[in-house]
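Asks: Here's a sequence, model it:
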Amino acid sequence: MFRGINIVLFALWYINTSFLVTNHVSFSLNKTDLSFKQSDSFNTITDPVSQHYTVSEQSLEKDKTYHIGLNQDYSAIKLTIKDTANILVYVTTDSDTLCFGEEVKDKNIDIPPSFAVFLKHTSFLNISSSKNTSIKLELFYAPQIENKQTLHLKKKKDGCAKPNTISQNNWRSGLPLPTPGRNKTNVTHCIIHHSAGNNNDTNYLNIVRNIYLFHTQSNGWDDIGYNFLIAPNGTIFSGRDPLGVDEEDNIQGAHYCGKNGSTMGICLLGNYNLTSPSLSILESLNALLSWKLYKENLSALDFFPHPNSTSDNLGVIAMHQDGCATQCPGDSAVLLLDSLKLAVETELNKCRGNVSIANPAIKFKQIIYPNPSTGRFYVMIEDGAQARKFIIKNQLGEKVSEALFPKNGLINVDLVSGYYFLELWNSDGIISTKKILIYKE
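Replies: I've put the predicted structure just below:
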């Protein structure tokens with residue numbers, strides 16, 4: 001009798017759980033099934049068995065979850081969806097939850113949203129898709145290493161001396177060497193980028209190592225694209241290896257939409273669309289730019305034609321978006337351009353012995369978005385403005401809201417639909433007045 005009851009219970013369990021069983025697929029990616037790309041030359045082979053870069057293609061069915069064993073650790077992923085019809089692909093590990101499929105309108109973006117560095121190395125993936133599709137899966141492995149350099153980031157007495165950096169031989173340890181072949185260039189423009197990565201990831205050494213693998217293994221470039229990279233804690237990484245051709249700041253990189261001549265590329269690690277770069281980043285960026293412009297006898301406020309004499313003028317200090325169809329290095333970073341130029345020019349004048357410095361009048365750039373809004377919107381303004389509070393007035397000039405200006409720029413007010421005036425104040429008085437529209441259905 002009890003045996004019969006057990007059989008019935010088992011049958012009921014199977015019926016109720018068979019959907020879950022049949023919609024979960026587990027398998028391992030065998031190394032013989034993958035396409036490998038690996039250099040024969042290494043600084044130090046820390047793990048000769050593991051591959052630094054692997055490629056696989058996989059068909060996905062809607063509503064199925066694929067549990068994939070990878071047979072080794074990986075540190076980053078690039079997932080390309082073959083179809084482009086509003087398909088989302090989800091990837092999870094022990095430490096990451098990633099979503100791929102965002103429409104990329106930014107053709108000149110440095111590091112696309114299809115690439116992500118894992119917070120922790122992983123040997124398995126869970127993948128699911130919103131529709132039937134096929135994907136190209138690229139996996140990268142940068143072994144964990146310790147930073148062997150101790151940096152003293154405080155500037156020397158000579159403010160225009162080259163700041164300390166993490167050398168290529170240090171951060172690239174255990175990875176394939178770059179491909180020989182370098183072009184020397186006379187730099188007249190310093191171009192600022194951002195990596196658009198995860199702002200919560202503080203393993204900056206690992207991020208740089210994986211960007212290097214992405215550029216060299218997936219893009220097929222001969223080296224990392226930037227001349228320098230700066231982490232949120234102020235650490236500066238030397239980028240493209242000069243390989244004895246010239247000094248590292250005079251080596252042509254791969255970062256400026258095919259117009260890399262006469263440029264030096266600097267990448268800020270992180271995403272600065274909604275978050276401002278840290279004070280440590282700005283201090284290191286100032287030091288790096290001051291050194292380079294002092295060395296080349298350039299002014300931070302100058303403009304020169306680029307890429308040739310018949311082209312439009314481009315600032316000696318410029319953003320990626322100034323010459324390419326891209327949002328890089330993010331709206332928040334762009335707001336800092338004028339104050340950054342003035343800070344660097346002030347440093348240059350000190351180094352050159354100029355006592356009197358006439359700074360041009362500043363009109364602070366700012367962005368309000370979305371506008372119109374429901375009353376919840378972001379206000380981004382240059383740090384130099386030192387905004388302390390905001391006041392919102394109606395069309396009669398009556399104050400309807402007042403508060404301290406939030407550090408993240410997010411303002412959330414409950415007001416009826418209509419036009420209003422947003423005032424920003426610092427300790428000296430009002431610095432900005434902008435019209436905003438609040439619309440509620």
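
Asks: contacts, neighbours, all on C-alpha from now
Replies: Will do.

Asks: Show me the helices in the stretch 101-250 of the chain, by range?
Replies: Taking DSSP state H, counting those that start in this stretch as the test, the helices found in the stretch 101-250 of the chain are 168-171, 204-213.

Asks: what angle do the helix or strand residue 71 falls within and helix 204-213 make?
Replies: Element membership of residue 71 [criterion: DSSP states H and E] is strand 65-81. Angle, strand 65-81 to helix 204-213, by axes from the mean of the first three to the mean of the last three C-alpha atoms, to 10 degrees: 60 degrees.

Asks: Parallel or antiparallel, which strands does the next helix or strand after strand 65-81 pair with?
Replies: Where DSSP H and E defines the elements, the next helix or strand beyond strand 65-81 is strand 89-92. Strand 89-92 has these partner strands in its sheet, going by DSSP bridges: strand 97-100 (antiparallel), strand 115-129 (antiparallel).

Asks: now the ones you listed in JSON lines, with distance to residue 338?
Replies: As requested, the strands paired with strand 89-92 are arranged in JSON lines below (distance: least, C-alpha to C-alpha, whole Å):
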{"stretch": "strand 97-100", "distance to residue 338": "35"}
{"stretch": "strand 115-129", "distance to residue 338": "31"}
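
Asks: Which among those strands is found nearest to residue 332?
Replies: strand 115-129 (21.6 Å; C-alpha to C-alpha).

Asks: Residues touching the closest one, excluding its own?
Replies: With contact meaning C-alpha atoms under 8 Å, 6 or more residues apart in numbering, strand 115-129 is reached by 60-79, 87-96, 197, 201, 207, 210.

Asks: thought residue 196 was touching residue 207?
Replies: No - here residue 196 does not reach residue 207: they are 11.5 Å apart, not a contact under C-alpha atoms under 8 Å.

Asks: Give me the more crowded residue out of those two.
Replies: residue 207 (25 against 22; other C-alpha atoms under 10 Å).

Asks: Just give the nearest non-adjacent residue to the more buried one, would you?
Replies: Spatial nearest neighbour of residue 207, chain neighbours left out: residue 117 (6.6 Å); criterion: C-alpha to C-alpha, 6 or more residues apart in numbering.

Asks: which residues does that neighbour bridge with?
Replies: residue 76.

Asks: Please report the distance of it from residue 201.
Replies: Note on residue 117: its distance to residue 201, by C-alpha to C-alpha, to the nearest Å, is 9 Å.

Asks: who has more neighbours, the two?
Replies: Neighbour count, other C-alpha under 10 Å: between residue 117 and residue 201, residue 117 has more, with 24 against 15.

Asks: State the distance from the more buried one to residue 129.
Replies: 20 Å.

Asks: again with residue 141
Replies: Residue 141 is 24 Å from residue 129, by C-alpha to C-alpha.

Asks: Pick out whichever of these two has more residues nearby.
Replies: The neighbour comparison of residue 141 against residue 129 (other C-alpha under 10 Å) goes to residue 129, with 25 against 22.

Asks: Tell me, what's the model's pLDDT at that one?
Replies: On the pLDDT scale, residue 129 is placed at 92.

Asks: repeat for residue 70
Replies: 89.

Asks: go on, residue 169?
Replies: 93.

Asks: That one: neighbour count?
Replies: 13.

Asks: returning to what we had before: of the strands paired with strand 89-92, which approaches residue 312 most closely?
Replies: Nearest to residue 312, of the strands paired with strand 89-92 and by C-alpha to C-alpha, is strand 115-129 at 32.9 Å.

Asks: what comes up buried for the closest one?
Replies: 115-122, 124-129 (16 or more other C-alpha atoms under 10 Å).

Asks: Which elements pack onto the strand holding residue 71?
Replies: Counting contacts by 3 or more C-alpha pairs under 8 Å, 6 or more residues apart in numbering; DSSP states H and E, strand 65-81 packs against strand 24-28, strand 115-129, strand 133-140.

Asks: So what's the gap between the second one and the chain middle?
Replies: Yep, that's strand 115-129 we're talking about. Its chain's C-alpha centre and that of strand 115-129 lie 18 Å apart, by C-alpha atoms, centre = their mean, to the nearest Å.

Asks: Residue 391 is in what secondary structure piece?
Replies: strand 389-393.
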